[in-house]
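[1] A structural model of the following input is requested.
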Amino acid sequence: MAEIVPWLCAVIALPLTGWTSTVNCSDADLLLKNAHIITMDAAHSVAVSMAVRDGRIQAVGDASHVAQCASERTAVVDLDGKTVLPGLIDIHTHAIQWTKGILVGMVDASYPEVKSIPEVLTAVADRVAKSKPSEWIFGSSWDDAKLAEKRYITRHDLDSVSPNNPVVLIHESGHLLVANSMALKLAGITRDTIAPQGGVIERDGSGQLTGVVKDSAMVVFLQFMPSATTEQLEQAAKLASEKAAEVGLTTIHDIEPIELLRGYQDALAKQELQIRVQFAPIINSIAEAEKLSAMSLHTGFGNEHLKIGAVKMFADGGMGARTIAIYPPGVIGEPDNFGVLRWKPEEMQRAQMIMANAGWQIETHAIGDRAIDETLDSYSAVMQKLGLHDPRFRIVHCGISTPQIQKRLKELHVLVDGNPPFVYWIGSWFEKYGLDRVRWSYPAKSYIDNGIIEAAGSDVFVTPISPWWGIWAAVVRREMASGQVLAPEERISVEQALTLYTRNGAYVGFEERDKGSLEPGKLADFIVVDRDVLHVPAEELKNVKVLRTYVGGKLIYKNDAN
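    Presented below is the predicted three-dimensional model:
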């Protein structure tokens, strides 16, 4: 597997004169010339020309050789020296949920739209004024770490502006929400309610509800959330495709309830899904695992545009909710808080056995070191009992990835769905767990050094969908609030960061034969950007503009401003 591991050295540009790689090159549909093509292949090749036919790459190399692929009908694009990269891959999004929220009009409580609790309350009050009494109001993306008050919103805050409408605001982490008194009552939550396995119902010092509900305990509010029509789901898929293409993503993995697959199917049928999607359904119980297994679907079903990916589970909670499962010591200021485990170990293993036996790749959300160990224990047992040799099981986030955990990841060949932009956008959350854990929160360089394969994702809407935030953050590792560099030892080079979003992203999705580099025979998914990303100051990386995005050799996005 060594050839898949991220590059360990600087790019080596092969001599362009006389160098061309081809597959039956003739009568091309499209030919790029005068380009600076960073192929991201194993030899770190750089080329000036590329030919495409029937959606796949025919030739990559020097101008004179690739020119022989053209015919009278070939469309020739002169890029005047602009940089070309493989289409980028985001292996962890909730894209259709994000765009669905935009379409159904959820209250936007995200930073920098709002910067304080009074501003959040103003946004809620504005929605109350436009709503009927008793009508549910939902909002999303507030983050206590970015609010001026640096605290959770409470039910009392919400009651002050909405005494007659139930209100629920979902935290940016997705692992907690705050509900007002009316919403709590309608959901059946009282001061005597016992939280389910893996959930928390927060109370103040006197035992009264604060309105904050975390992880598994949030499920009771799902029945009240605004539902989307089939038309809205289709439009949400279309919008997700458009927003991904704008930032250079040609493939995304979208982690959602299985019901939302309908939106992508309908968009694909209407030719509105321009990017490629791996859809990853979520299971939260053994019953759901059995139900999904009985559908006779499994990883890999579908086509080049829309296919079934891994199945997703949750081992613990979120850093922002302070519910990740950790070993002692506890959370700073909460010495008895060691987080929550969403599954009993024996039930996790049973569910994973069901899914793996049915042909599913498994990805498990695990952020705390205790949750990661529980997941790896289960993976090891499942792989051994089923005799699996290359299941490519994945740890999603793998937040506190200590040397001991990295040793286990390597031994089991478990892959990491990393989140480079977390360091910038939510790095302030890391500090709640102490300096020793900050050192090993969302590492990158040590994965490369230890031969662990990491790919990258935005977790949109937790961070913006643009992969350029992640590429920049992986290189500089600067946290937003303080400007401090977190674990500078874990910084990586630009080409290594690009590898997370190209070669490794393809490998994680069992697609390395088709994606991740610009080589003959692979899908012609590529982007044109406004600067040579390998030779610009690191600070410019987050500002990279995508000029064109191609999927299967078809132009699906063009930046008309450039």
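[2] which ones are touching the nearest residue to residue 146 once chain neighbours are set aside?
    Nearest non-adjacent residue to residue 146, counting by C-beta to C-beta, 6 or more residues apart in numbering: residue 111, 4.1 Å away. The C-beta positions use only the backbone N, C-alpha and C, and glycine is treated the same way. Residues counted as contacts of residue 111 (C-beta atoms under 8 Å, 6 or more residues apart in numbering) are 141, 143, 146, 147.
[3] quick one: residue 247 and residue 143, what's the gap?
    22 Å (C-beta to C-beta, to the nearest Å).
[4] same deal with residue 39?
    For residue 39, the distance to residue 143 - C-beta to C-beta - is 39 Å.
[5] those two: who's more crowded?
    residue 39 (26 against 19; other C-beta atoms under 10 Å).
[6] I'd say that one and residue 520 touch.
    No. Checked against C-beta atoms under 8 Å, the pair residue 39 and residue 520 is beyond contact range at 10.4 Å.
[7] what sits in contact with each of the two?
    By C-beta under 8 Å, 6+ apart, the residues touching both residue 39 and residue 520 are residue 60.
[8] can you tell me which residues contact the spatially most central residue of the chain?
    The chain has residue 92 as the residue nearest its centroid, 2.3 Å off, counting by C-alpha atoms, centre = their mean. Contacts for residue 92 (C-beta under 8 Å, 6+ apart) come out as 253, 255, 396, 417, 419, 456, 457, 458, 459.
[9] how does it look with 10 Å?
    252-255, 280, 312, 363, 365, 394, 396-397, 417-419, 455-460, 462, 505, 508 (C-beta atoms under 10 Å, 6 or more residues apart in numbering).
[10] out of these, list just those in helices.
    Mapping those onto helices (DSSP state H) picks out 505, 508.
[11] among the contacts of residue 92, which are located in strands?
    Under the assignment DSSP state E, the contacts of residue 92 contribute 252-255, 280, 312, 363, 365, 394, 396-397, 417-418, 455-456 to strands.
[12] from residue 138, how far off is residue 166?
    9 Å.
[13] and for residue 108?
    Residue 108 is 11 Å from residue 138, by C-beta to C-beta.
[14] same check on residue 408?
    On the measure of C-beta to C-beta, residue 408 and residue 138 end up 40 Å apart.
[15] quick check on residue 557: phi, psi?
    Backbone torsions for residue 557, taken as degrees, to the nearest 10, come to phi -150, psi 140.
[16] go on, residue 177?
    Per degrees, to the nearest 10, the backbone of residue 177 is at phi -140, psi 160.
[17] what bridges to the closest residue to it other than its chain neighbours?
    Leaving aside its sequence neighbours, residue 177 sits nearest to residue 170 (C-beta to C-beta, 6+ apart; 4.7 Å). Per DSSP bridges, the residues bridged to residue 170 are residue 140, residue 177.
[18] what's the answer for residue 302, then?
    residue 307.
[19] let me see the contact set for it.
    Counted by C-beta under 10 Å, 6+ apart, residue 302 has contacts 261, 264, 265, 268, 276, 277, 278, 279, 308, 309.
[20] where in the protein is pLDDT low?
    Within the chain, the segments meeting pLDDT under 70 span 1-19, 23, 562.
[21] report the residue ranges of every domain in it.
    Domain assignment for the chain, taken from automatic domain parsing, gives 1-86+518-562, 90-94+230-515, 106-224.
[22] surely residue 39 touches residue 47?
    Yes. Look at residue 39 against residue 47 with C-beta atoms under 10 Å: they come within range, at 6.1 Å.
[23] which residues do those two both contact?
    Shared contacts of residue 39 and residue 47, counting by C-beta under 10 Å, 6+ apart, come down to 14, 21, 60, 61, 84, 518.
[24] the last one: neighbouring residues, count only.
    Residue neighbour count, defined by other C-beta under 10 Å, stands at 27 for residue 518.
[25] from now on call the first residue 54
    Renumbered: residue one is now 54, and that last one reads residue 571.
[26] if we can go back for a sec, more neighbours: residue 461 and residue 191, which one.
    Between residue 461 and residue 191, residue 191 has the larger neighbour count (other C-beta under 10 Å), namely 21 against 17.
[27] how close does the closest residue to residue 559 other than its chain neighbours sit to residue 192?
    Nearest residue to residue 559 in three dimensions, chain neighbours excluded: residue 569, at 3.1 Å (C-beta to C-beta, 6+ apart). In this view, residue 569 and residue 192 are 38 Å apart by C-beta to C-beta.
[28] looking at the two, which is more packed in?
    More crowded of residue 569 and residue 192, by other C-beta under 10 Å: residue 569, with 30 against 24.
[29] show me what the helix or strand containing residue 84 is packed against.
    Using DSSP states H and E, residue 84 sits in strand 83-86. Using 3 or more C-beta pairs under 10 Å, 6 or more residues apart in numbering; DSSP states H and E as the contact test, the elements touching strand 83-86 are strand 102-106, strand 109-114, helix 116-120, strand 128-131.
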